[in-house]
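1. I would like the atomic coordinates for the input below:
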Amino acid sequence: MLRRLLPLLILALGVAVFLWLRATRPESASVTPEERSWRVETLRAVPGRHAPALPLYGEVTAPDTLRVTAPLAGRIAERPVREGQRVARGELLVALDEADIRPPLEQAEAEVADLRAQMENERVRHESDRDTLVRERELLDNASRQLERTRSLVERNLASQSDLDAARNELARARVTVVARERAIAEHPARLQSLQAGLTRARAALAAARRDAARSRVEAPFDGIVTRIRVAPGDQVAARSELLSVYPEVGLELRARIPGRYQAELRHALAEERRLEATGDEDARFVLVGLAGESDPAGIEAIFRLEAGGAGLRPGSLLAVSLVRPAIPGSLPVPESALYGNDGLYLMNDEGRMQRLMVTRHGEVVRDDGERWALVSGESLDEDDRVIITHLPNAIQGLKVESTASGEETPP
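-> From the prediction side, this is the model:
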């Protein structure tokens, strides 16, 4: 009997112990949930006029490069310069052999002299024809009177028929001579005009020969740098073949492609004659002077003139520059970490919560320390607003944040 009741007694004892432990347990403290606060750095907003910088990549060119070509075929007699050499104005660059220059020049001079002599001969001949015509007309009159006398004598049987025929032939010959002389005199203006045209051609050929002779010895027209040397002394060159090039030390330009969205802005600045500068390596400073006359789907090339620095620049060099665009009023530089997308950032309100603000991005600005910040503006952006510059992956409207004691910065 006792063996049957023992399990029930053990079970009852366990229940009693459980109830006693439950009744005597200590009371647990109530836990009140607290909202988490995220520590962030902030930037005090000071909107003002800031000029965004547009990074560009372009090629240095020398638009005033002089390409020296051979005026005629010949041998190179002198070429005292070398590649990359700096030359002063008036310094000899290259010269052709005088033996190749003199023959064409002398031939052209001889042609002019020959035609002048022919024109003088034509004038003398014309004067002679006019004097001869007077005498030939006198002979014609005499032959006509002789024919009349012979005819009268034949009628009186004092002369034969052969005498009459001879008188007629003499008159015909006199008439032919007069007609030929008159034709020669009439043709004088045409012959003179033809000779004058030939003389004009000869003079033009002489001028070209003298021009080629002058151009066969090339001197530097400005202070510059020699490049693209194609010949050496003793080389035989053909007419119009390139010999070398020289470009001025001043006047270098940079041609950089501008994205389409900035073209209207730059055209407007050029129309208003506003000065826009671009800076690059080697302390090079360029000024925007115009836009190229042609474009393509990738954009249009802007032309910058080198104003200062860039002593080591050469045509063909590729250079990265930063173009300072027109200033944007009411704009604020912020670090890239402050932006969410291209049009949003967060402010820290008086309650310590994140407040989203829509902004417009205008480009970049370069700080004094060389760091690039984004330039933004917004209608609701006021002075002394606290811009959150710590990028939070879980950033949402109303998220609680607190500013670090040393985190508040002042914009550049």
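
2. so E265 is in which element?
-> helix 263-271 (DSSP states H and E).

3. buried sites along that helix?
-> L266 (16 or more other C-beta atoms under 10 Å). Bear in mind the C-beta positions are built from the backbone N, C-alpha and C, glycine included.

4. name the helices or strands packed onto that helix?
-> Helix 263-271 sits against strand 285-296, strand 299-308, with contacts defined as 3 or more C-beta pairs under 8 Å, 6 or more residues apart in numbering; DSSP states H and E.

5. who's in contact with that helix?
-> With C-beta atoms under 8 Å, 6 or more residues apart in numbering as the test, helix 263-271 has contacts from I258, L276, L288, G290, L291, G299, I300, A302, R325, P326.

6. need the contact list for the nearest residue to the fourth one once chain neighbours are set aside.
-> This means G290. Distance criterion C-beta to C-beta, 6 or more residues apart in numbering; nearest residue to G290, sequence neighbours excluded, is I303 at 4.9 Å. I303 makes contact with E253, L254, R255, L288, V289, G290, L291, A292 under the criterion C-beta under 8 Å, 6+ apart.

7. please name the nearest non-neighbouring residue to the third one.
-> The shortest distance from R255 to any non-neighbouring residue, by C-beta to C-beta, 6+ apart, is to E301 (4.8 Å).

8. ok, H50 next?
-> S331 (4.7 Å).

9. that neighbour and A51 touch, don't they?
-> No. Checked against C-beta atoms under 8 Å, the pair S331 and A51 is beyond contact range at 9.0 Å.

10. who has more neighbours, the two?
-> Using other C-beta atoms under 10 Å as the criterion, S331 and A51 rank with S331 on top: 24 against 19.

11. element containing that one?
-> Applying DSSP H and E, one finds S331 within strand 328-334.

12. circling back: show the pLDDT at the residue nearest to G290.
-> Per-residue pLDDT puts I303 at 92.

13. then L252?
-> 92.

14. now do L5
-> For L5, pLDDT reads 67.

15. please check the contacts of helix 263-271 and keep the buried ones.
-> I258, L276, L288, L291, G299, I300, A302, R325.

16. name whatever forms a beta bridge with the fifth one.
-> The reference is to G299. For G299, the beta-bridge partners are D296 (DSSP bridges).

17. follow-up on the earlier one: hmm, which of the contacts of helix 263-271 is lowest in pLDDT?
-> Within those, lowest confidence goes to G299 (79).

18. need the contact list for that one.
-> Counting by C-beta under 8 Å, 6+ apart, G299 has contacts R257, I258, P259, G260, Q263.

19. where's L21 relative to G14, distance?
-> 11 Å (C-beta to C-beta, to the nearest Å).

20. where do the helices sit along the protein?
-> 2-24, 98-155, 161-186, 188-215, 263-271 (DSSP state H).

21. what about the nearest residue to S245 once chain neighbours are set aside, distance to V237?
-> Distances taken as C-beta to C-beta, 6+ apart put R228 closest to S245, at 4.2 Å, once the chain neighbours are dropped. Remark: distance between R228 and V237 (C-beta to C-beta) = 14 Å.

22. neighbour count: the two, which is higher?
-> Each of R228 and V237 has its neighbours counted (other C-beta under 10 Å); V237 has more, 20 against 15.

23. list the contacts of the nearest residue to that one once chain neighbours are set aside.
-> Excluding the flanking residues, the one nearest V237 by C-beta to C-beta, 6+ apart is A70, at 4.7 Å. Counting by C-beta under 8 Å, 6+ apart, A70 makes contact with L96, S216, V237, A238, A239, R240, S241, L243.

24. how about a cut-off of 7 Å?
-> A70 is in contact with L96, V237, A238, A239, R240, S241, L243, counting by C-beta atoms under 7 Å, 6 or more residues apart in numbering.

25. next up, the contacts around the residue nearest to H50.
-> So S331 contacts P47, H50, H362, L375, V376, S377 (C-beta under 7 Å, 6+ apart).

26. now the nearest residue to T150 once chain neighbours are set aside: how far from R181?
-> Nearest non-adjacent residue to T150, counting by C-beta to C-beta, 6+ apart: A167, 4.1 Å away. Distance from A167 to R181, counting by C-beta to C-beta: 21 Å.

27. between the two, which is the more surrounded one?
-> A direct count of neighbours by other C-beta under 10 Å for A167 and R181 places A167 higher, at 22 against 19.

28. ok so, going back, which of the contacts of A70 fall within strands?
-> When DSSP state E defines the strands, the subset of the contacts of A70 inside them is L96, V237, L243.

29. okay, the residues you listed in TSV with pLDDT next?
-> TSV is the format used below for the ones in strands among the contacts of A70 (pLDDT from 0 to 100):
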residue	pLDDT
L96	94
V237	93
L243	95
